[in-house]
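S.K.: Need coordinates for the following:
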Amino acid sequence: MHPLSQHHHFALIEALQIRRAKELPAAKRSTALRKVAEEFVCFWKKTGRQHFREEEEILLPAYARHTNIGEDRDVMRMLADHAEIRALIGEIEAALEAGAPPDQKVVALGRRLSEHVRLEEDKVFPRIEKTLSEAEMRALGKHLTRLHPKRGCAV
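M.R.: You can find the predicted model right below:
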C-alpha cells in the first residue's frame, strides 16, 4: 500500500499549491489559479489517472474477495469521489482550452482532493490492511506503481 500512500503525498502537494494560489491577493489570484490548474492537469495525466486505476483495478478487487464492498460506505464514497474528481478535471481542462478562468473549479478540486485523500488514508486503507493477509498485501504491492512526478509538463 506504500506506493498508493506515496501517490497521495504528491496529490496533497498539488492540493496545497491550489490552496496557496486561492489565498493570494485578488490581483494575483486568477493567474496563479490558472497556473496551478495547468500543473494539476499535467500531474493528472502523468500520475493521477494511473493512481485511480490501480485503486479501482488492483486494490478494491483484492478487498472485494473478503467483503461486500457495495456495503462499505467509505469505499462507495471513494468511488464517487473518483468520478467527481474526474468530472472536475474534465471541466478544468475544458476551461483551460477555452481560455476561461478555471478558478472555482480548481478551488473545488483542491478541496475535494484533500478530503478524498483523508478518507482513503484514515478509513479505507486501514480497513483493507486489516482485512488482507500479509501475503496478499505483498502480492498487491508488486502490482502498484511507484510514481515520481516532476512539476512541469514536458510529456
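S.K.: lowest-confidence helix or strand of the protein?
M.R.: helix 2-22 (a mean of 90; mean pLDDT, DSSP states H and E).
S.K.: Name the residues of that helix that are buried.
M.R.: 3-4, 6-8, 10-12, 14-15, 17-18, 21-22 (16 or more other Cβ atoms under 10 Å). Quick note: C-beta positions are derived from backbone N, CA and C, even for glycine.
S.K.: Repeat that for stretch 95-110.
M.R.: 95-96, 101-103, 105-110.
S.K.: ok, I85 touching R111?
M.R.: No: I85 is beyond contact range of R111, at 10.9 Å (criterion: Cβ atoms under 8 Å).
S.K.: list the helices and strands the longest helix anywhere in the chain packs on?
M.R.: Scanning the chain for the helix with the most residues, using DSSP state H, yields helix 73-98. Counting by 3 or more Cβ pairs under 8 Å, 6 or more residues apart in numbering; DSSP states H and E, the packing neighbours recorded for helix 73-98 are helix 26-43, helix 49-54, helix 60-64, helix 103-119.
S.K.: just how off-centre is it within its chain?
M.R.: 9 Å (Cα atoms, centre = their mean, to the nearest Å).
S.K.: Quick one: mean pLDDT over it.
M.R.: For helix 73-98, the per-residue pLDDT values average out at 97.
S.K.: between that helix and helix 103-119, how many degrees?
M.R.: 150 degrees (axes from the mean of the first three to the mean of the last three Cα atoms, to 10 degrees).
S.K.: What count of nearby residues applies to the residue nearest to H7 when sequence neighbours are not counted?
M.R.: Nearest non-adjacent residue to H7, counting by Cβ to Cβ, 6 or more residues apart in numbering: H51, 4.3 Å away. Counted by other Cβ atoms under 10 Å, the residues lying close to H51 total 21.
S.K.: what's the average pLDDT for the helix or strand hosting P126?
M.R.: For P126, the enclosing helix or strand under DSSP states H and E is helix 125-131. Taken as a whole, helix 125-131 has a mean pLDDT of 96.
S.K.: Does anything pack onto that helix? Which helices or strands?
M.R.: Right, helix 125-131 is packed against helix 60-64 by 3+ Cβ pairs under 8 Å, 6+ apart.
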